[in-house]
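K.L.:
Here you go, sequence then predicted model.
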Amino acid sequence: MFSISSQNNSLTISFLSFFSRTYSIVMASSLLTSPGMIPTTGSAVVLRSVLPFGFSLPSLRLTRPYNKSSLFISCCSPVSEKPATSAIDLKPVVERWPEYIPHKLPDKNYVRVFDTTLRDGEQAPGGALTPPQKLEIARQLAKLRVDVMEVGFPGSSEEEFETVRTIAKTVGNEVDEETGYVPVICAIARSKERDIEAAWEAVKYAKRPKILIFTSTSDIHMKYKLKKTKEEVIEMAASSIRFAKSLGFIDVQLGCEDGGRSEKEFLCKILGEAIKAGATAVNVADTVGINMPEEYGELVRYLKANTPGIDDILFSVHCHNDLGVATANTIAGVCAGARQVEVTVNGIGERSGNAPLEEVVMALKCRGAYVMDGVYTRIDTRQIMATSKMVQEYTGLYVQPHKPIVGANCFVHESGVHQDGILKNRSTYEILSPEDVGVVKSQNSGIVLGKLSGRHAVKDRLKELGYELDDEKLNDIFSRFRDLTKQKKVFSHCPSSRSHMCLIYDRRM
Ligand SMILES: CC(=O)SCCNC(=O)CCNC(=O)[C@H](O)C(C)(C)COP(=O)(O)OP(=O)(O)OC[C@H]1O[C@@H](n2cnc3c(N)ncnc32)[C@H](O)[C@@H]1OP(=O)(O)O
Ligand SMILES: CSCCC(=O)C(=O)O
Ligand SMILES: [Mn+2]
């Protein structure tokens, strides 16, 4: 075994040896390892230069200097040439964080990001977190600049109560000197006085405490789960809101559980009563992930048009991913006038999860100006990868390589036609800049050599390694390269990697 490197001065022999090995060739990057750490010797032949980006455990090694001015750019940074329908620079919004008024946004296009990784996300099967992990994620969510973080259910256990209280006392009081940013700390409660009291006792220490009181609104839930009539449910919700206010909460949100399967007229009624009782925000949750984007958008539009007082408070969307459309539904809700999105990092949550923060935020950042009337968030998107990695590590819920925005393959190209395009101009096949989501690029271009690669990519890689070839030599090498890739086509996980970030092109027969 040996490595191919620019120091190797015997290209032919190197390549012949390389192609005759009957072992594994690491053909793609390990996201958990920086380029400098890639071994060049050992049981696998490593093409060091195929490593596309310097992924690392971002909490440890995202070293790009903090750039204040780019924090508030409300669209994607350009890739090498600005495509007409994709990422462009927008005018930066003011740097100072706007005053927080629970029921009101600084302007009509502002979309508040309500992160529920530490509450709904933790409800993901197998996703339980320890109190110190929750605290550390909360700190990271603050770096990400989420407007609101829902951090738990204080009424559910003593430990959860203490965790929420600790986050409220710490993260909920850490005001960023330069911008004035401090996250809203939210706790969830059933429509029960003891849950609401526990929520208040836990979050009252935060500068901006908030409660989300939920109640079911669908016939199925009211009949089978709550065993209550519509009138009883309305009364339960309204009295809970009043009770929360009486304790000291200013910011009170009513959540309509299973809103996606609820009667529209009933929703208008309960939302209207909630507003009268003093709610500052409401959400209609597609709790079971049954809605289609048009349907969910239409529901939001209907409720916005037919609920008295709805324009005086904040309308929030909360979507689950059972049919794979949580992001689309969330965006449909925004297009229909919602201005708060309830999301989780990596989309973790009950069953198939929630709308992923990174997808919703990057969709708004990339397309908000073009197809959504200019909606924007103030998320520091450069913290996305760091946050994603931390949540993956702590929950043990790892994302698949093709997971949008944070997957290992998002900025990697395998096929010849795409590689050729990328080498000519990245905007041919990339709509996002890796830097925008906190991925630090290495000097090479995210090209993975494999079965589908073409001459341009192979030539470019060889050039990087110091070999300038004429067409004849290139053709010869390319045909042998192709032979090699025919021997076995299976990509499998790197056994030494803790996640599936490392692809091995295994050519054992
Ligand atoms: C859709 C969502 O994601 S909602 C958030 C759900 N999150 C969680 O459940 C996580 C934490 N949960 C827990 O620790 C426990 O379920 C607890 C402590 C809250 C309750 O535990 P238990 O008292 O043992 O009750 P259990 O969980 O078995 O049943 C839930 C009870 O809450 C009631 N309930 C459910 N939703 C609501 C509501 N919105 N308002 C009032 N009561 C409600 C149910 O009807 C049931 O009451 P019942 O015992 O009178 O039938
Ligand atoms: C209604 S929002 C709080 C409950 C929830 O997470 C859901 O309904 O999906
Ligand atoms: Mn939910």
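P.N.:
Received the coordinates, thanks. Numbers count the residues shown, from 1 in each chain. Ligands and ions are numbered 1, 2, ... in the order given.

K.L.:
can you pull the contacts of the closest residue to Ser218 other than its chain neighbours?
P.N.:
Sequence neighbours aside, Asp258 is the residue nearest to Ser218 in space, at 3.8 Å (criterion: C-beta to C-beta, 6 or more residues apart in numbering). Every C-beta, even on glycine, is put in place using the N, C-alpha and C of the backbone. By C-beta atoms under 8 Å, 6 or more residues apart in numbering, the contact set of Asp258 is Ser216, Thr217, Ser218, Ile220, His221, Ala285, Thr287, Val288.

K.L.:
now swap in Leu474 and tell me
P.N.:
Arg455, Val458, Lys459, Leu462.

K.L.:
Kindly reformat these as a markdown table containing distance to ligand 1.
P.N.:
Shown next, in a markdown table, are the contacts of Leu474 (distance: C-beta to the nearest ligand atom, whole Å):
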| residue | distance to ligand 1 |
| --- | --- |
| Arg455 | 53 |
| Val458 | 51 |
| Lys459 | 54 |
| Leu462 | 54 |
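
K.L.:
Next, format the residues you listed as a markdown table and append neighbour count.
P.N.:
Below are the contacts of Leu474 laid out as a markdown table (neighbours: other C-beta atoms under 10 Å):
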| residue | neighbour count |
| --- | --- |
| Arg455 | 18 |
| Val458 | 20 |
| Lys459 | 19 |
| Leu462 | 21 |
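
K.L.:
show me where this structure has strands.
P.N.:
24-26, 44-46, 112-115, 148-152, 184-190, 209-216, 251-257, 281-286, 314-319, 340-343, 491-493, 503-506 (DSSP state E).

K.L.:
of all those, which lies closest to ligand 1?
P.N.:
Comparison of the strands of the chain against ligand 1 by C-beta to the nearest ligand atom identifies strand 184-190 as nearest, at 3.4 Å.

K.L.:
check whether that closest one contacts ligand 1.
P.N.:
Yes: judged by C-beta under 6 Å from any ligand atom, strand 184-190 and ligand 1 are in contact via Arg190.

K.L.:
what residues are up against the residue most central in space within the chain?
P.N.:
Residue closest to the mean C-alpha point of the chain, counted by C-alpha atoms, centre = their mean, is Glu358 at 2.4 Å. Each residue near Glu358 by C-beta under 8 Å, 6+ apart is listed here: Val345, Asn346, Ile384, Ser388, Pro404, Ile405, Val406, Val437.

K.L.:
Columns distance to Asn329 and pLDDT on top of these, output as JSON lines?
P.N.:
Listed next are the contacts of Glu358 as JSON lines, based on distance: C-beta to C-beta, whole Å; pLDDT from 0 to 100:
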{"residue": "Val345", "distance to Asn329": "18", "pLDDT": "99"}
{"residue": "Asn346", "distance to Asn329": "17", "pLDDT": "98"}
{"residue": "Ile384", "distance to Asn329": "21", "pLDDT": "98"}
{"residue": "Ser388", "distance to Asn329": "21", "pLDDT": "98"}
{"residue": "Pro404", "distance to Asn329": "15", "pLDDT": "98"}
{"residue": "Ile405", "distance to Asn329": "17", "pLDDT": "98"}
{"residue": "Val406", "distance to Asn329": "20", "pLDDT": "97"}
{"residue": "Val437", "distance to Asn329": "22", "pLDDT": "97"}
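
K.L.:
For PyMOL, write the select line for the buried members of those.
P.N.:
Provided next is the PyMOL selection string for whichever of the contacts of Glu358 are buried by 16 or more other C-beta atoms under 10 Å:
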select buried, resi 345+346+384+388+405+406+437
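
K.L.:
Save the contacts of Glu358 as CSV, and put in distance to ligand 1 too.
P.N.:
Converted to CSV, the contacts of Glu358 look like this (distance: C-beta to the nearest ligand atom, whole Å):
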residue, distance to ligand 1
Val345, 17
Asn346, 17
Ile384, 24
Ser388, 22
Pro404, 24
Ile405, 24
Val406, 23
Val437, 28
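
K.L.:
any idea how far the closest residue to Glu350 other than its chain neighbours lies from Gly374?
P.N.:
In space, and not counting its chain neighbours, Glu350 is closest to Gln123: 4.9 Å by C-beta to C-beta, 6+ apart. According to C-beta to C-beta, to the nearest Å, Gln123 and Gly374 sit 34 Å apart.

K.L.:
Enumerate the residues of the stretch 101-250 of the chain near ligand 2.
P.N.:
Counting by C-beta under 6 Å from any ligand atom, the stretch 101-250 of the chain sits next to ligand 2 at Asp120, Phe214.

K.L.:
Now do the helices in the stretch 101-250 of the chain.
P.N.:
Under the criterion DSSP state H, counting those that start in this stretch, helices of the stretch 101-250 of the chain are mapped to 131-144, 158-169, 193-203, 219-220, 230-247.

K.L.:
Mean pLDDT added to those, as a markdown table?
P.N.:
Converted to a markdown table, the helices of the stretch 101-250 of the chain look like this (pLDDT from 0 to 100):
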| stretch | mean pLDDT |
| --- | --- |
| helix 131-144 | 98 |
| helix 158-169 | 98 |
| helix 193-203 | 99 |
| helix 219-220 | 98 |
| helix 230-247 | 98 |
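
K.L.:
the helices in the stretch 301-450 of the chain, which residues?
P.N.:
Using DSSP H, counting those that start in this stretch, helices in the stretch 301-450 of the chain cover 326-335, 357-371, 384-395, 416-424.

K.L.:
From Gly353, how far off is the closest residue to ligand 2 within the chain?
P.N.:
Proximity of the chain to ligand 2 (C-beta to the nearest ligand atom) peaks at Gly255, 2.8 Å away. According to C-beta to C-beta, Gly255 and Gly353 sit 17 Å apart.

K.L.:
Neighbour count for the two, which is higher?
P.N.:
Taking neighbours as other C-beta atoms under 10 Å, Gly255 and Gly353 compare with Gly255 leading, 26 against 22.

K.L.:
check contacts around that one.
P.N.:
Here Gly255 is in contact with Ile188, Leu212, Ile213, Phe214, Thr215, Val282, Asn283, Ala285, His318 (C-beta under 8 Å, 6+ apart).

K.L.:
do Ala206 as well
P.N.:
Here Ala206 is in contact with Ile167, Ala168, Lys169, Gly172, Asn173, Val184, Ile185 (C-beta under 8 Å, 6+ apart).

K.L.:
Identify the residue nearest the fifth one in space, chain neighbours excluded?
P.N.:
This points to Asn173. Here the residue nearest Asn173, using C-beta to C-beta, 6+ apart, is Lys207, at 5.6 Å.

K.L.:
That neighbour reaches Val182, doesn't it?
P.N.:
Yes: between Lys207 and Val182 there is a contact at 5.1 Å, judged by C-beta atoms under 8 Å.

K.L.:
what about the residue nearest to Ser218, distance to Gly272?
P.N.:
For Asp258, the distance to Gly272 - C-beta to C-beta - is 19 Å.

K.L.:
ok, the residue nearest to Glu350 - how many residues close by?
P.N.:
17.

K.L.:
Now do the same for it: its pLDDT.
P.N.:
pLDDT for Gln123: 98.

K.L.:
That one contacts Gly353, doesn't it?
P.N.:
No: counting by C-beta under 8 Å, Gly353 is not a contact partner of Gln123; they are 9.6 Å apart.

K.L.:
before we move on, back to that, mind listing what the residue nearest to Asn173 touches?
P.N.:
Taking C-beta under 8 Å, 6+ apart as the test, what Lys207 contacts is Gly172, Asn173, Val175, Val182.

K.L.:
contacting residues for Ala202?
P.N.:
Ala202 neighbours (C-beta under 8 Å, 6+ apart): Gly152, Pro154, Phe161, Val164, Arg165, Ala168, Ala187.

K.L.:
separation between it and Pro209?
P.N.:
In terms of C-beta to C-beta, Ala202 sits 9 Å off from Pro209.

K.L.:
Kindly provide the distance from Trp97 to Glu178.
P.N.:
9 Å.

K.L.:
Which residue of this protein lies farthest from its centroid?
P.N.:
The chain, C-alpha atoms, centre = their mean, max distance from centroid: Glu472 (46.6 Å).
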